[in-house]
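**Q** Dropping the sequence and predicted coords here.
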Amino acid sequence: MDIKEITREYLDKELTICGWVKNHRKQSNLGFIALGDGTCLKTLQVVYDKDINDFEEIQKIHIGSSIEVTGILKESLGAGQDIELVASKITLLGDCPEDYPIQPKRHTREFLRSVAYLRPRSNLFNAVFRVRSTAAQAIHEYFRLHNYVYVHTPLITTADCEGSDQMFKITTLDFNNLPKKDGKVDMSEDLFGKAAFITGSGQLHGETYAHAYKKIYTFGPTFRTENSNTKTHANEFWMIEPEICFCDLEKLMDIEEEFLKYIVKYVLTNCSDEIEFFDKFVEQGLKEKLKKILSSNFVRIDHKDVVDILKKAPNKWEFEPDYNEDIAKEHERYITEYFNGPVFIKNWPKDIKAYYMKLNPDNKTVAAVDLEVPGAGELMGGSQREEDYDKLLARMKEFNIDYKEIEWYLNLRKYGTTIHSGFGMGFERLIMYLTGIDNIRDVISYPRTPGSCEY
């Protein structure tokens, strides 16, 4: 039986539980084991006394060992729990040495990263990765309820969406004996006959399927070569990328707001113990922050107007706000505090955004939008896609994109094009927001960051 399923309705009934010893307190005639099985954050107290078979051997069981316990569920007379399992039989399944790293004490997150293969057994990471699982379920459930088709776009690609300088190159060529042509590596000799990359986004392929199904989403790993050691960047991460036909920028913002509120509500409902834990030990006020999102009206404001506000602010900025530039972390923080809630910043300068974004009538801005949330900054980025063939082609030429390599993407604008939009959300950024964890390395099972590719 799973510990998560045990309630007072099982009082006075015999149960058999398997799990791992989280703590073991021993007295001369008595013992108490905190048993966890991973199905919930809580442990079950197991009580045994000297009358049990192999009492002395049971007292030698170490923290971290796996055991099977059979006993009667009883009301607890001690503090800290309502019910406990009075054991009639305890069987050691897998022993654990005394130097087991995850002892019942506070460990730093840096230390736990050094034993990443064990850290899910700690309370903190047990909670983090359960929230990650639940949030993924919420994402799939939202899209299922709204008639989206889940599309698996390729991880190996020749399509340049984010810029090939940000994408990992893959090859089967022998680095010690590279074929050359005109002084350059001859990629025609490689497996695919051309340069290939590990994807940085599934967007371009996603758009092709959106024009068959109306609404699709991708949800999978993506890769970037950024040599960045910040708390919010990793070289491998997961992305959620919906693409929606017959949808302009205003409708896209409606969807983004509804989508985020659905996930937050789902996690609050299904991970209440974990949220309480984070609220107490990670970010005080987290629960109220998340609840506030559900009742917030997300502000919508142009990039130009945001810069106006920033320039009038009494703050001394490290990076001076500029009408033609991106906004910095300090600006994101200020603007969410200014409006006391989430903010959609829309209609960005065209020169700092991607070529596929819809050019606005002013010919200076594109119909792009970033969602900024209190405490986390940018959580989603999206845009209305350029549906005009000639305008998209002109933009590709401006950005020196080899449009012949992705002619199929251009052709979407010839074959029954639509007004269409989409957004991307980094899954790890979402988990950081939901848990209060401030480092992306602590919401990914095995983080891949510059200089770090362990396990």
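**A** Cool, the structure landed. Only a predicted model underlies this, so the values are computations on that prediction, with no experimental measurement involved.

**Q** in the stretch 251-400 of the chain, which spans are strands?
**A** According to DSSP state E, counting those that start in this stretch, the stretch 251-400 of the chain carries its strands in the segments 299-302, 343-349, 365-373, 377-384.

**Q** Out of these, which is closest to Tyr117?
**A** Across the strands of the stretch 251-400 of the chain, Tyr117 has its closest neighbour in strand 377-384 (29.7 Å, CB to CB). C-betas here are computed from N, CA, C, even on glycine.

**Q** returning to what we had before: kindly reformat the strands of the stretch 251-400 of the chain as CSV and extend each row with mean neighbour count.
**A** Supplementary listing: the strands of the stretch 251-400 of the chain in CSV, determined by neighbours: other CB atoms under 10 Å:
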stretch, mean neighbour count
strand 299-302, 16
strand 343-349, 23
strand 365-373, 24
strand 377-384, 22
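
**Q** Tell me which of these sits nearest to Val115.
**A** strand 377-384 (30.1 Å).

**Q** quick one on the thing from earlier: could I get the strands of the stretch 251-400 of the chain as TSV with distance to Tyr446?
**A** Shown next, in TSV, are the strands of the stretch 251-400 of the chain (distance: least, CB to CB, whole Å):
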stretch	distance to Tyr446
strand 299-302	38
strand 343-349	33
strand 365-373	27
strand 377-384	23
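
**Q** can the ones you listed go into TSV with extra columns for mean pLDDT?
**A** Listed next are the strands of the stretch 251-400 of the chain as TSV, based on pLDDT from 0 to 100:
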stretch	mean pLDDT
strand 299-302	98
strand 343-349	98
strand 365-373	97
strand 377-384	95
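
**Q** Out of those, which is closest to Leu204?
**A** Across these, closest to Leu204 is strand 377-384 (CB to CB), at 13.2 Å.

**Q** before we move on, back to that, nearest to Gln284, of the strands of the stretch 251-400 of the chain?
**A** Closest among the strands of the stretch 251-400 of the chain, using CB to CB: strand 365-373, at 17.8 Å.

**Q** counting contacts, what elements does that closest one pack onto?
**A** helix 249-270, helix 329-339, strand 343-349, strand 377-384 (3 or more CB pairs under 8 Å, 6 or more residues apart in numbering; DSSP states H and E).

**Q** could the ones you listed be laid out in JSON lines, adding distance to Ser445?
**A** Output for the helices and strands packed on strand 365-373, formatted as JSON lines (distance: least, CB to CB, whole Å):
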{"stretch": "helix 249-270", "distance to Ser445": "18"}
{"stretch": "helix 329-339", "distance to Ser445": "26"}
{"stretch": "strand 343-349", "distance to Ser445": "32"}
{"stretch": "strand 377-384", "distance to Ser445": "21"}
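
**Q** Of all these, which one is nearest Ile139?
**A** The nearest among the helices and strands packed on strand 365-373, by CB to CB, is helix 249-270 at 6.4 Å.

**Q** where does this protein dip in pLDDT?
**A** 160-165 (pLDDT under 70).

**Q** residue with max distance from the center of it?
**A** Distance from the C-alpha centroid of the chain, by CA atoms, centre = their mean, peaks at Asp51 (49.3 Å).

**Q** which stretch of helix or strand covers that residue?
**A** Using DSSP states H and E, Asp51 sits in no helix or strand.

**Q** Could you do Gln45 as well?
**A** strand 44-49.

**Q** just the strands in the stretch 51-200 of the chain please.
**A** So, for the stretch 51-200 of the chain - with DSSP E, counting those that start in this stretch - the strands run 66-75, 83-94, 149-150, 156-157, 168-170, 180-181, 184-185, 196-198.

**Q** hmm, who's touching the second one?
**A** The contact list for strand 83-94, computed with CB atoms under 8 Å, 6 or more residues apart in numbering, reads 6, 8, 11, 14-15, 17-18, 33, 35, 44-48, 52-54, 57-58, 61, 65-76, 78.

**Q** and if you look at stretch 71-79?
**A** 6, 10-15, 45-46, 82-89.

**Q** Endpoint to endpoint, it covers what distance?
**A** 20 Å (CA to CA, to the nearest Å).

**Q** can you tell me how far Tyr142 sits from Met357?
**A** 24 Å (CB to CB, to the nearest Å).
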